[in-house]
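J.: Predicted model and sequence follow; I will ask about them next.
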2 protein chains.
Amino acid sequence: MRVVALSGGVGGAKLARGLSRELAPDELVVVCNTGDDFEHLGLTICPDLDSVVYAVAGLADEARGWGRANETWNFLDTLRTMDGESWFQLGDRDLAQHVQRTAWLRAGESLQEVTSRLARAHGIRHAIVPMSNQPVRTQLETANGWLDFQTYFVRERAAPVVQALRYVGAADALATLSWPDASDGLAAFVICPSNPYLSIDPILAVPQWRHRLQQRQAPVVAVSPIVAGDALKGCAAKLLREFDLAVNPATIANHYGDLLDGLVVDQQDAAFAAQIEKLGIAVLVAQTVMRSDADRDILARAVLEFAATIDVRQS
Amino acid sequence: MRVVALSGGVGGAKLARGLSRELAPDELVVVCNTGDDFEHLGLTICPDLDSVVYAVAGLADEARGWGRANETWNFLDTLRTMDGESWFQLGDRDLAQHVQRTAWLRAGESLQEVTSRLARAHGIRHAIVPMSNQPVRTQLETANGWLDFQTYFVRERAAPVVQALRYVGAADALATLSWPDASDGLAAFVICPSNPYLSIDPILAVPQWRHRLQQRQAPVVAVSPIVAGDALKGCAAKLLREFDLAVNPATIANHYGDLLDGLVVDQQDAAFAAQIEKLGIAVLVAQTVMRSDADRDILARAVLEFAATIDVRQS
């Protein structure tokens, strides 16, 4: 079975790791959001791609929730003493990723090629690809105007109220993967438990990606990033509240709408199943909080089995 | 008294530190060789400028002889596991210097401006300037053709026999410092105990620098980098042997020739004084091996007092 997973950072990366442990290297492609990418200190930084690479390679810091395990911070500490731009956390080990990526990009390689080299360098055999080789930049409108994602999320600590979002460059970006090949024998699209606005919508804002999901011959199954009235990580719940939306999985189902065939909701949210099924979206209730590789494996298997029960030709 | 010191890396940086402790901030300009500079992993690396900045700021690693004290190597270790280019040693703290410099250079600042910002960031109040804002690259001819300096010195561990040297770009490079100001009240030029071929000649290959020394109204005083038949650091002795030259301070005196008014030789080399004085170059015998700040202070003071005894209008 071939699976295309769409993923953002932390939560998505955890399910991507589970999927990579359940599926053979030629059975999985993880497509990562690049709307969070940015240039910082002359380096091209791709937070979601790196979170997925680190998670799949088993290098992620479980406790901190982002970046690499066994990390040190002497580069950043030094930069701080030099009054350099130190608002974005760059660990000493993590920095190797950014410096090497930037050097390869400057040498003319595409982001897809560079990502593939970095993933292989970390021993990964599954395909991890950026959603596009063309830059797409997520921006958020606040009372202070449009902010770049990292400015909003890291420098402003996600504090400003968000009025709207846009994905600059998405309309002209081309999706990665040559599609007849990628869809050949496809068993499912999996939308990982990532922020819909900040991690998945940038992917869907690339016309070819939206078109692929609209024209799908395999089911699209998502895992709700909202559990028991909150997001496990990040600002998904905050954005829902600012958009006057209920913080529950039914809102996630509504958000993806016709693009979605099935939604996995947490055990704590079983009560929303009926409401979601009324939208014509199948529901699987499962334990979606992933604290260990065992949790990730069980959820990945459940998602794949759930997808196998959905026949998109009937829907 | 105003002093312009010409310096390479390690040995030169030690005397530069001594001079900075003896002279007020407006009394000293340290002009650094940039012939060793290179681009590596997309970063602009300036080894001699950094050695001088670290030494003057008191951040240098005394035991290792290069780089910063309390350094860690997690960036490099990670790069190595990724099969990245890890032949050049980049410490985690040191990396902040290269990343910040490269970012500022890319933003359009000159190397002189960037160096000045970095020096100030480390609390330095004396002027440390690159010899030129235009790139000059030292290359060495070996049996395998012309090698860039870092390729020869680090990657090839300075093993190939050197047949010739060249300083690419020097003829068209402009010297830093506006000269009427810099020479105003100048008491001495000090050529630090650096490799003549690899650290000082690149500076002198910039026409304006050579011209300034030729037209000097203040004495040029050098400290011999050769002590007791060897160089304390680096490959100066190896180069002298490959050029069939005697490894002693008289060879250094001959090398600078008419540009030199005085040479400080180590106590162990007092026997060469007469030979050097025959060239019309004054000699001071002193302890030139600098193991502590006390040694550096004593030598700096001796060099300045020695320069004050030399009247260039008579020579």
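T.: Okay, I see it.
J.: excluding its backbone neighbours, what's nearest residue A:194?
T.: Once flanking residues are discounted, residue A:194 sits nearest to residue A:8: 3.1 Å by C-beta to C-beta, 6 or more residues apart in numbering or on different chains. (Each C-beta comes from the backbone N, C-alpha and C, glycine too.)
J.: Residue A:9 now?
T.: residue A:51 (4.0 Å).
J.: does that neighbour really touch residue A:60, like I thought?
T.: Yes. In this structure residue A:51 lies within contact range of residue A:60 using C-beta atoms under 8 Å: 7.0 Å.
J.: and the residue nearest to residue A:194, how far is that from chain B?
T.: Applying C-beta to the nearest C-beta, to the nearest Å, the value for residue A:8 to chain B is 24 Å.
J.: how deep is that residue tucked in, by neighbour count?
T.: Residue A:8: 32 surrounding residues under other C-beta atoms under 10 Å in any protein chain shown.
J.: residue contacts, it?
T.: Shown in contact with residue A:8 (C-beta atoms under 8 Å, 6 or more residues apart in numbering or on different chains): A:32, A:33, A:36, A:48, A:51, A:192, A:194, A:195, A:198, A:199, A:200.
J.: From these, pick the one nearest residue B:126.
T.: residue A:36 (42.6 Å; C-beta to C-beta).
J.: Isn't the closest one up against residue A:9?
T.: Yes. Counting by C-beta under 8 Å, residue A:9 is a contact partner of residue A:36 at 7.3 Å.
J.: anything in contact with each of the two?
T.: A:47, A:48, A:199.
J.: Go through these and give me the one with the most neighbours.
T.: residue A:199 (28 neighbours).
J.: Kindly list the main-chain dihedrals of the closest residue in space to that one that isn't next to it in sequence?
T.: Counting by C-beta to C-beta, 6+ apart, the nearest residue to residue A:199 once its immediate chain neighbours are dropped is residue A:8, at 2.3 Å. Residue A:8 has phi and psi values of phi -100, psi -140 when expressed as degrees, to the nearest 10.
J.: related to what we said a few turns ago, put together a markdown table for the contacts of residue A:8, with secondary structure on each row.
T.: Shown next, in a markdown table, are the contacts of residue A:8 (DSSP: H, G, I helix; E, B strand; the rest coil):
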| residue | secondary structure |
| --- | --- |
| A:32 | strand |
| A:33 | coil |
| A:36 | coil |
| A:48 | helix |
| A:51 | helix |
| A:192 | coil |
| A:194 | coil |
| A:195 | coil |
| A:198 | helix |
| A:199 | helix |
| A:200 | helix |
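J.: tell me which of the residues you listed is nearest to residue B:75?
T.: Nearest member of the contacts of residue A:8 to residue B:75, counting by C-beta to C-beta, is residue A:51, at 19.1 Å.
J.: which ones are touching the closest one?
T.: So residue A:51 contacts A:8, A:9, A:10, A:12, A:13, A:60, A:66 (C-beta under 8 Å, 6+ apart).
J.: Is it possible to get a markdown table of these that adds pLDDT and secondary structure?
T.: Shown next, in a markdown table, are those (pLDDT from 0 to 100; DSSP: H, G, I helix; E, B strand; the rest coil):
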| residue | pLDDT | secondary structure |
| --- | --- | --- |
| A:8 | 95 | coil |
| A:9 | 91 | coil |
| A:10 | 86 | helix |
| A:12 | 96 | helix |
| A:13 | 97 | helix |
| A:60 | 96 | strand |
| A:66 | 88 | coil |
